[in-house]
Every structure is written in C-alpha cells, then in structure tokens.
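> sequence first, then the predicted structure:
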Amino acid sequence: MSKNHSYVLGINAYDHDVSACLLRDGEIAYAIEKERITRHKHAGGFFQEVVDYCLQAEGIMLDDVDLVVRNCYVLPVDELEVRMIYQGDMPDRELAQTSKSPLYLPKSNKVVTVSHHLAHAYSAFAVCPFDEGVVMVVDGVGNYSSDIKEPGQLTEGINPLARESESYYRFKGSELETLKKVWLQPCRGMLSDEFFNMDGLGALYSRVSSYIFADWNKCGEVMGLAPYGRPNNFRSLLEMKGDELHVPEWDAEFNQPWTPDGVKKWEASSSMRHWEDMAWRVQHDAEEVLLARARWLRETTGARNLCLAGGVALNCVANGRIVREAGFDNVWIQPAAGDNGISIGCAYYGRLALQKKPRSFVMKQATLGVAYPDEAVRRAGNPLLVSHQTFDGPDQSICREAAKLLAEGNVFGWFQGRAEFGPRALGNRSILGDPRRAEMKDILNKRVKFRQAFRPFAPIVAYERAKDIFVGEDESPFMLRAKQVRPEWKDRIPAIVHVDGTARVQTVRREQNERMYDLLMDFEKLTGVPVLVNTSFNIKGEPIVETPQDAMNCFIYTGIDYLALHDTLVAKNALYKVLAPFIRIYYESRYHSRDETD
C-alpha cells in the first residue's frame with residue numbers, strides 16, 4: 001500500500017500477551033497477538049512476529065510508520081530492554097531478532113512509551129460509540145507510580161514503588177481526565193511473591209486462581225466454578241470500608257492449594273468443595289466492589305456512558321451486574337480488555353494524545369486479523385485423512401449444509417474471514433454445536449476441548465431474537481456479559497445454560513457477521529432455535545487457531561466432526577476412522593501430560 005496514509009503502531013511488549021495494533025488514518029487496520037503466530041498461549045518476549053504480521057498485512061515497511069507507542073507493565077520498555085542485556089532474559093532466537101530490529105533500544109524519537117492504565121483507558125474510550133462518558137480500568141497490576149510520566153496521573157505523594165490497581169477517568173471527545181487511582185502498596189517477601197500477595201481486586205482474584213488452579217491466569221475458570229460454591233460458606237476475601245478497599249490477610253487456614261504433580265487429577269481432588277466455596281466468595285466479593293466503584297463513578301460525574309477495560313473487565317458475570325445495576329444508560333467493554341488490548345491503547349494514545357488527532361473510529365467488530373485467501377485453504381488439506389466438498393454454486397450454501405449437519409448433532413469447526421482479536425471467538429474462529437442437546441457440553445469438554453467438566457459454553461444468537469431467549473435487551477456483540485436464560489428456554493437449549501441459569505451471550509447482527517447470521521437463520525429454519533453453542537476454535541493449552549492449517553490440525557487431532565473452511569466442507573474419511581483411536585490417544589496424552597489446569 002502506498003504511503004498516502006498516516007500510520008501509528010502500538011505494541012504490548014515483552015511480558016504476557018504480547019501484541020501489536022496498526023492504525024491507518026485513525027482506524028484499526030490490523031491487530032494480532034503473538035500467541036496466534038507462535039502457538040504458545042499468552043506468549044511473551046520480543047515482538048518481532050506481531051510487528052511483521054501487521055506491516056506485511058498492510059503492505060508497508062516500518063519506515064512508513066509515523067509513530068510507535070509501546071508499553072510493558074513491568075518497567076518502561078526502554079529501561080527493560082537495557083536490563084535484558086545484562087540479565088540474559090531472552091532466548092537466542094529472539095536475541096537474533098533484536099540485533100536487527102530498529103525497535104530494540106531505539107534511537108528514534110518516533111518510538112515512545114506510555115503507562116499501563118492509561119493505555120487500557122485509551123483502548124476503551126478511543127474506540128467506543130460515545131462522545132463523552134467515564135472509563136473504569138481494573139486489572140491485576142500496572143506500572144510503578146514512579147514510572148508514570150504523563151501529566152495529571154495523580155502520582156504526587158504516592159510511594160514510588162506502589163503500582164496501579166484501579167484507575168477512573170472522564171472523557172469528552174478526544175480528551176481524557178484522570179479522576180481517581182487506587183494503588184497496590186509494596187509488599188514484603190520473596191521477589192516472586194510480590195504480585196501474589198498484593199492487596200488489590202485483580203491481584204486478589206489472581207491469587208485465588210493460583211490457589212485453585214496453580215495458575216494466576218485462570219480467572220475465567222474461577223468465575224465458571226463460582227456458581228458451584230455454597231453462598232457465604234467461606235470468609236470474606238474483599239471488603240469495602242467506606243470508600244477504601246480492604247483485603248483481609250490470608251493465614252494458615254488457606255492450606256489446600258492445588259499442587260499438580262503430573263499424577264493426580266484436579267477434578268478428583270478432595271479439596272473440591274473448599275475450592276468451589278472459595279470461588280463463590282471471591283466472585284461475590286469482586287462483584288460487590290466493582291458495583292460500588294461503578295456507582296461511585298456515576299454519582300460523582302453524572303455520566304450516562306461507561307467504558308470498561310483491564311483484565312477484570314473480562315469477568316462477564318460482574319459486567320452483567322454493572323449493566324443492570326450500576327445506573328448507566330450504556331456500557332461498552334473493550335473486547336480485548338486484558339493486556340492484549342494494550343497495543344490498541346498504545347496506538348490510540350499516539351494518535352489522540354501525541355498527534356492531537358480527533359477520534360474518528362468506532363470498534364464495532366473485533367475481527368482484526370488477516371483474511372486468508374482460498375489458496376491457503378486448499379493448501380491446508382490432508383488428502384490422506386479428509387475429503388473436501390466446495391459449496392459455492394448458485395444453489396449451494398455452506399451455511400445451509402452446516403446448519404443441517406449441526407441439527408443432526410455434529411460438532412463443527414468454523415473458519416471464516418478475519419480472525420478475532422482478543423480472548424473470545426466471535427464467529428470466525430469458532431467450534432459450534434447444537435444447544436438443544438444437553439450432552440453437547442460434555443461432548444465438547446471431553447472429545448474436543450479436553451478440559452474440566454464444570455466449564456460452561458456460550459451461546460451465539462441472532463440479535464433480533466436475543467431478548468426473547470435471554471433477560472435484557474442490551475446488545476452483547478463481544479460475549480462480555482452474562483444474562484439469565486428465560487425459564488421457557490432453559491429446557492430448549494440446555495447445552496448453554498450454566499448451573500446458575502445464566503449464559504455468556506454473544507449477539508450477532510447481519511451487518512456484523514453476515515455468514516454467521518445466515519448460519520443462525522438456517523439453523524432456526526430447521527429447528528426453531530436461533531442459537532448455537534459457540535466456543536473458541538482451540539483445545540486446552542493452545543491459542544485460538546489463526547491460519548487454515550491451524551484449523552486443519554485442530555480438526556484432525558480432536559473429535560470435531562466437520563470443518564468449514566470458507567465455502568469448503570471438510571470431512572474425515574474412512575482411513576481417518578481406522579486411525580482415529582491412535583490419533584486421539586496421541587493427542588490426548590500430549591495435553592494431559594501438561595498441567596491439568598491448562
């Protein structure tokens with residue numbers, strides 16, 4: 001593409017969920033997470049792959065980019081890069097990349113750094129549909145106060161080693177004002193204990209995730225486990241005392257953490273009831289704190305519109321309560337609310353705050369990846385194990401064929417268009433199933449996803465029909481709010497109803513995703529149900545598929561029955577059926593040998 005455009009590149013650098021976002025004249029051209037390329041979930045390290053992905057997709061060189069904005073919550077990126085030299089923290093392959101990259105220890109004044117919560121805030125308000133409103137950023141941990149250099153960030157008199165926990169802002173047009181910040185105070189202990197023991201909402205939720213699942217980044221699983229717990233059967237973990245958050249100290253009673261040893265299974269642990277009750281408590285307490293904060297923000301500012309970002313904004317149950325109970329007219333949540341979305345915020349900080357350009361783009365969709373050509377689909381075939389049939393004639397439709405096979409109880413891999421950016425599959429990189437079949441949840445968990453049986457699956461529903469099936473008329477295009485399933489529908493779509501009667505709903509308009517909408521309509525014609533089970537196209541321990549070949553690999557090695565690659569229907573042939581037991585034993589052993597909580 002010729003250099004007739006203004007380009008800004010945003011980068012979330014080095015720690016987990018490395019990503020890049022390229023703006024073209026203020027609109028998101030492309031965004032990608034490193035994990036999708038390397039196939040290592042939450043991939044950190046150097047960012048060469050994601051930068052190259054965006055530049056190659058746009059057909060430009062790095063010299064064509066006018067501004068590069070980076071963030072890493074650990075330290076300012078330039079300081080971190082100096083430390084990495086003498087600490088030897090980078091693998092040889094990435095060291096070789098840095099030696100050739102002008103973005104490593106850059107000498108150009110067009111490469112700058114922005115602080116963490118400010119980047120989260122820009123990721124939300126800069127692309128929201130509101131002209132004015134407020135922003136709520138809550139996550140595990142942000143930058144040290146001493147590393148926040150932007151004016152007006154309320155760092156005066158704050159311990160230089162305190163770190164960001166919560167930040168609240170007001171915006172109008174392209175202007176952003178910081179209203180309040182809540183800090184994580186330094187804590188004592190081993191260096192690796194610092195985050196685990198910090199007294200903040202996101203940090204505490206991650207501590208519970210570590211305790212139950214031996215992984216700080218399994219907060220979604222904690223949320224899914226919470227409805228199985230007994231109400232008020234575990235002592236308080238978070239409390240509001242006036243306007244201040246209080247986190248009671250843990251003591252020797254917290255003596256049942258999950259410690260995987262490669263032999264015992266998490267699901268068989270005698271601590272399960274303890275973990276369920278703990279999950280209920282932390283989810284309940286987090287919801288109450290978030291509601292109190294949101295109500296304070298509304299009452300203080302009188303704002304009608306709220307934007308959410310930061311990793312805690314991925315808690316769709318809490319989001320649902322904020323939508324219903326906090327008093328705002330409208331709530332918009334950044335679909336990549338976690339640190340993958342930092343690259344979006346970095347790019348828009350550059351565009352709005354540094355280049356002084358007005359807001360001009362609304363993020364109506366999260367499909368920000370490359371659209372792979374049909375030739376890439378043809379190359380992804382495995383002629384020994386699968387057969388292909390293309391539905392592209394005037395009287396043919398991949399949607400009609402898929403709807404028929406789904407209604408017969410088959411599990412579908414669905415690969416279409418541009419990949420979604422963020423942790424949710426929203427209809428382009430999805431595994432789909434029939435929600436009328438109660439057994440579909442167990443089929444997907446055991447045969448396809450290889451994950452714990454308690455974990456629920458989400459529905460994807462035509463927007464016009466959503467209010468008939470789920471309580472509430474608010475739109476949910478990014479699968480970031482939980483709703484109650486209406487009583488008359490619970491028995492009709494049992495595969496997507498969680499134990500508490502809720503579902504993590506995604507609504508789809510035809511103009512948002514024409515092919516998925518058509519599939520839903522074709523499925524409704526056959527079944528009377530405009531809903532499908534929708535889960536991300538991946539298995540436990542792997543990122544969502546990016547390329548047609550990734551999709552084919554996942555299809556071959558799991559219990560998915562059919563795969564739609566654009567207009568091509570892929571089925572497993574007779575030889576596959578002979579070899580299937582051996583293929584699945586290999587693949588399941590590969591993933592069961594990992595941490596049981598992956």
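Now that the structure is in, tell me what you want to look at.
> could you measure from the residue nearest the centre of the chain over to Tyr349?
The residue lying closest to the centre of the chain (CA atoms, centre = their mean) is Pro423, at 2.4 Å. Distance of Pro423 to Tyr349, given as CB to CB, to the nearest Å: 22 Å. Heads up, the C-betas are built off the backbone N, CA and C, glycines and all.
> can you count the residues close to Val111?
Val111 has 20 neighbours, counted by other CB atoms under 10 Å.
> my guess is it meets Ser101, correct?
No - checked against CB atoms under 8 Å, the pair Val111 and Ser101 is beyond contact range at 10.9 Å.
> where does the prediction get shaky in the stretch 1-150 of the chain?
1-3 (pLDDT under 70).
> okay, domains of this protein per the record?
7-115+344-355, 132-333, 370-458+488-501+509-592 (automatic domain parsing).
> of all these, which one comes closest to Arg465?
Each of these has some distance to Arg465 by CB to CB; the shortest is domain 370-458+488-501+509-592, at 4.4 Å.
> tell me the mean pLDDT over the closest one?
Taken as a whole, domain 370-458+488-501+509-592 has an average pLDDT of 92.
> over to stretch 348-358?
On average, stretch 348-358 scores 98.
> can you pull out the helices in the stretch 301-450 of the chain?
Here the stretch 301-450 of the chain has its helices, by DSSP state H, counting those that start in this stretch, at 316-325, 342-348, 374-379, 398-407, 440-443.
> can you tell me what sits against the shortest one?
In this structure, residues lying in contact with helix 440-443 by CB atoms under 8 Å, 6 or more residues apart in numbering are 409, 411, 433-434, 437, 453, 456-457, 495, 533, 559.
> from the residues you listed, keep the buried residues only.
For the contacts of helix 440-443, a neighbour count by 16 or more other CB atoms under 10 Å gives the buried set as 411, 433-434, 456-457, 495, 533, 559.
> most widely separated two among those residues?
Longest span within those, CB to CB: Pro456 and Gly559, 18.8 Å.
> any idea how far Pro358 is from Gly262?
Distance from Gly262 to Pro358, by CB to CB: 56 Å.
> if we can go back for a sec, just name the most buried of the helices of the stretch 301-450 of the chain.
helix 342-348 (a mean of 32; mean count of other CB atoms under 10 Å).
> that one: how far from the chain's middle?
15 Å (CA atoms, centre = their mean, to the nearest Å).
> kindly report the same for stretch 27-42.
Offset of stretch 27-42 from its chain centre (CA atoms, centre = their mean): 11 Å.
> what's the answer for stretch 193-207, then?
Counting by CA atoms, centre = their mean, stretch 193-207 comes out at 20 Å from the chain centroid.
> how about stretch 434-448?
The answer for stretch 434-448 is 22 Å, by CA atoms, centre = their mean.
> span of it from start to end?
14 Å (CA to CA, to the nearest Å).
> and what of stretch 436-447?
Using CA to CA, the end-to-end distance of stretch 436-447 comes out at 18 Å.
> contacting residues for Gly44?
Here Gly44 is in contact with 14-18, 34 (criterion: CB under 8 Å, 6+ apart).
> nearest to Ala564, of these?
Lys34 (26.7 Å).
> list the contacts for the closest one?
Lys34 is in contact with 17-19, 40, 43-45, 47, 49-50, counting by CB under 8 Å, 6+ apart.
> how does it look with 10 Å?
12, 16-20, 40, 42-51, 53, 340, 543 (CB atoms under 10 Å, 6 or more residues apart in numbering).
> go on, Leu444?
411, 431-433, 450-451, 455, 457, 495, 533, 535, 558-560.
> how does it look with 6 Å?
Leu444 sits next to no residue when contact means CB atoms under 6 Å, 6 or more residues apart in numbering.
> please apply the same query to Gly393.
Gly393 neighbours (CB under 6 Å, 6+ apart): none.
> if we can go back for a sec, let me have the contacts of helix 440-443 in a markdown table, extended by distance to Asp25.
Converted to a markdown table, these look like this (distance: CB to CB, whole Å):
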| residue | distance to Asp25 |
| --- | --- |
| Gly409 | 47 |
| Val411 | 41 |
| Gly433 | 40 |
| Asp434 | 43 |
| Arg437 | 47 |
| Ala453 | 48 |
| Pro456 | 41 |
| Phe457 | 39 |
| Ala495 | 43 |
| Val533 | 39 |
| Gly559 | 45 |
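> now the helices for the stretch 151-300 of the chain?
201-213, 219-225, 272-301.
> winner for burial among those helices?
Counting by mean count of other CB under 10 Å, helix 201-213 has the highest mean neighbour count of these, with a mean of 24.
> okay, and the beta partners of Val508?
Ala462 (DSSP bridges).
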